[in-house]
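Participant: Sequence first, then the predicted structure, then my questions.
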Amino acid sequence: MFEHLSALPADPILGLLTKYREDSHPQKVDLGVGVYKDPAGNTPILDCVKAAETLRTSTETTKVYIGPTGSAPFNELMNELAFGTDHPVVQTRRIRTVSTPGGTGALRVAAEFIAKCKPGATIWVSDPTWANHTGLFQAAGLTVKTYPYYDYDNKCLRFDEMLAALKQVGAEDAVLLHACCHNPSGQDLSAAQWDAVVEVAKDKGFLPFIDMAYQGFGDGVDEDAYGVRAMAAAVDNMVLASSCSKNFGLYRERIGACTIIGKDSAQADVSLSVLLYVVRCIYSMPPAHGAAIVETILGSSELKAQWLDELKVMRDRINGNRAMLVDKLHALGASRDFSFIARQKGMFSFLGINEAQVNTLMKDYSIYMVGSSRISIAGISEDNVDYLAKSIIAVL
């Protein structure tokens, strides 16, 4: 049977990581992989996570399954993080949440759920979007189409075109929206633009499906959830995929959440039964360790305050890196205006150079980024920003 297989191309970002590790250049720079890094280039374990993990391992009494929904306290605390404590959908018990293996697991579970609602349903994603969105949605049997989003030439949002496209979406379609820190462009919707999208969703009746992988990395935990909360307050049905990989630094623990909002509690219960069937057929039971860490942190006023402080440090470093790179490029007399990078949010931005220039940066300067010129902002540091800026200017 295996003789019929043909090799598939490796993931371009993972391939970059291999090349970077094999490169012996003393000033090599990794701007490819989307993980947070401190000024020394490490991805640290948060102090609040260490404290929660110590408590977890000292009090854990069993390794038995936690059930297909995952940990109830984790699910409830994730709901509070996303929607707040007094949101109408919380008060009316219209939310049902399950723990998932990471944000990617949440996306796939949600995609399979949508396929149960309507086999072969169409889901609209932004142009561009996270590269894995298309593959995992198609693997679930969904048809993927795109709506306009990022203006590569003017380094801004194509909002009028986006809104016009969404007004043409069918009522039985789903629309994927990035809650904050858009991956890969870093170009986010403003509050006013979110309000306009919410009105279109109400009017057209399509299913809003929001991916929130970076809550707290943009402007703050509550600020980054603006679109999620506004949309949930306005529509009957919604899907949310959340991740704890970035904001808690729990990349390898693979813990996230998939949330379904029904028009009432009864419909939410029916939706949950379908969601649990999907879970049972994919991985049966979710991982417990990462969820226990998160619920320990969010359930403790002291540890939650510590987490918010550490999250702010990461957010401020990313925003600082944006400004630092822009300032350095301008100080060195760059022939282009790179100020858009400082206005964008989150881990990523497009540098705005062509693929040949990207290849030259990699070949001649050992600076690694994907061919679209998407850069991981966390890979910038005070130690490499001079070399990085001079190298960028050299290929312009």
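Facilitator: In hand now; what should we look at? Computed from a predicted structure; not experimentally measured.

Participant: Please point out which parts of the helix ranked longest in the chain sit buried.
Facilitator: As assigned by DSSP state H, the longest helix anywhere in the chain is helix 301-331. Neighbour-count burial for helix 301-331, with 16 or more other C-beta atoms under 10 Å as criterion, is recorded at 303-304, 306-307, 310-311, 314-315, 317-319, 321-322, 324-326, 328-329. All C-beta atoms are positioned from the backbone trio N, CA, C, and that covers glycine.

Participant: quick one: the helices in the stretch 51-200 of the chain?
Facilitator: Per DSSP state H, counting those that start in this stretch, the stretch 51-200 of the chain carries helices over the ranges 72-83, 88-91, 102-117, 131-139, 159-166, 191-204.

Participant: Put together JSON lines for the ones you listed, with mean neighbour count, distance to residue 278 and mean pLDDT on each row.
Facilitator: Listed next are the helices of the stretch 51-200 of the chain as JSON lines, based on neighbours: other C-beta atoms under 10 Å; distance: least, C-beta to C-beta, whole Å; pLDDT from 0 to 100:
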{"stretch": "helix 72-83", "mean neighbour count": "20", "distance to residue 278": "16", "mean pLDDT": "98"}
{"stretch": "helix 88-91", "mean neighbour count": "14", "distance to residue 278": "21", "mean pLDDT": "96"}
{"stretch": "helix 102-117", "mean neighbour count": "23", "distance to residue 278": "4", "mean pLDDT": "98"}
{"stretch": "helix 131-139", "mean neighbour count": "16", "distance to residue 278": "13", "mean pLDDT": "96"}
{"stretch": "helix 159-166", "mean neighbour count": "16", "distance to residue 278": "27", "mean pLDDT": "98"}
{"stretch": "helix 191-204", "mean neighbour count": "15", "distance to residue 278": "24", "mean pLDDT": "98"}
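
Participant: could I get those helices as a markdown table with distance to residue 356?
Facilitator: As requested, the helices of the stretch 51-200 of the chain are exported to a markdown table (distance: least, C-beta to C-beta, whole Å):
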| stretch | distance to residue 356 |
| --- | --- |
| helix 72-83 | 42 |
| helix 88-91 | 49 |
| helix 102-117 | 32 |
| helix 131-139 | 21 |
| helix 159-166 | 28 |
| helix 191-204 | 34 |
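
Participant: Residue 345: neighbour count?
Facilitator: Counted with other C-beta atoms under 10 Å, the neighbours of residue 345 add up to 23.

Participant: show me what contacts it?
Facilitator: 180, 181, 182, 186, 187, 188, 217, 218, 219 (C-beta atoms under 8 Å, 6 or more residues apart in numbering).

Participant: any idea how far it is from residue 96?
Facilitator: Distance from residue 345 to residue 96, counting by C-beta to C-beta, to the nearest Å: 29 Å.

Participant: what's the answer for residue 155, then?
Facilitator: Taken as C-beta to C-beta, the span from residue 155 to residue 96 is 40 Å.

Participant: And residue 178, by the same measure?
Facilitator: Here residue 178 is placed at a distance of 23 Å from residue 96 (C-beta to C-beta).

Participant: What of residue 334?
Facilitator: For residue 334, the distance to residue 96 - C-beta to C-beta - is 50 Å.

Participant: These two - which one has more neighbours?
Facilitator: Remark: of residue 334 and residue 96, residue 96 carries more neighbours, 23 against 15, as counted by other C-beta under 10 Å.

Participant: surely the more buried one meets residue 273?
Facilitator: No - the pair residue 96 / residue 273 is not scored as a contact, 9.3 Å apart, by C-beta atoms under 8 Å.

Participant: Give the buried residues for the worst-scoring helix or strand of the chain on mean pLDDT.
Facilitator: Lowest on mean pLDDT, DSSP states H and E among the helices and strands of the chain sits helix 12-22, with a mean of 87. Buried residues in helix 12-22, counted by 16+ other C-beta under 10 Å: 13, 16, 20.

Participant: In JSON lines: those, plus distance to residue 250.
Facilitator: Shown next, in JSON lines, are the buried residues of helix 12-22 (distance: C-beta to C-beta, whole Å):
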{"residue": "13", "distance to residue 250": "20"}
{"residue": "16", "distance to residue 250": "23"}
{"residue": "20", "distance to residue 250": "23"}
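
Participant: Would you double-check that residue 209 falls in a strand?
Facilitator: Yes - the assignment for residue 209 by DSSP: H, G, I helix; E, B strand; the rest coil puts it in a strand.

Participant: Output the below-cut-off pLDDT ranges for this protein.
Facilitator: Across the chain, nothing is flagged by pLDDT under 70.

Participant: So which residues of it form strands?
Facilitator: 29-30, 95-100, 122-127, 143-148, 150-151, 156-157, 174-178, 207-212, 238-243, 256-261, 348-350, 367-368, 374-376 (DSSP state E).

Participant: helices or strands next to the first one in the packing?
Facilitator: If I follow you right, that is strand 29-30. helix 12-22, strand 367-368 (3 or more C-beta pairs under 8 Å, 6 or more residues apart in numbering; DSSP states H and E).

Participant: what would the ones you listed look like in CSV with distance to residue 125?
Facilitator: Formatted as CSV, those follow (distance: least, C-beta to C-beta, whole Å):
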stretch, distance to residue 125
helix 12-22, 18
strand 367-368, 26
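
Participant: Out of those, which gets nearest to residue 78?
Facilitator: For the helices and strands packed on strand 29-30, distance to residue 78 was read as C-beta to C-beta. The smallest value, 26.8 Å, belongs to helix 12-22.

Participant: residues making contact with that closest one?
Facilitator: Everything outside helix 12-22 that qualifies as a contact, by C-beta under 8 Å, 6+ apart, is 28, 30, 32, 33, 34, 131, 362, 368, 369, 370, 371.

Participant: Could you check how far residue 373 is from residue 44?
Facilitator: 28 Å.

Participant: thinking again about what came up before, what's the closest of the contacts of helix 12-22 to residue 285?
Facilitator: Distances from residue 285 to the contacts of helix 12-22, taken by C-beta to C-beta, are shortest for residue 34, at 27.6 Å.

Participant: can you give me phi and psi for the closest one?
Facilitator: Backbone torsions of residue 34, given as degrees, to the nearest 10, read phi -90, psi 60.
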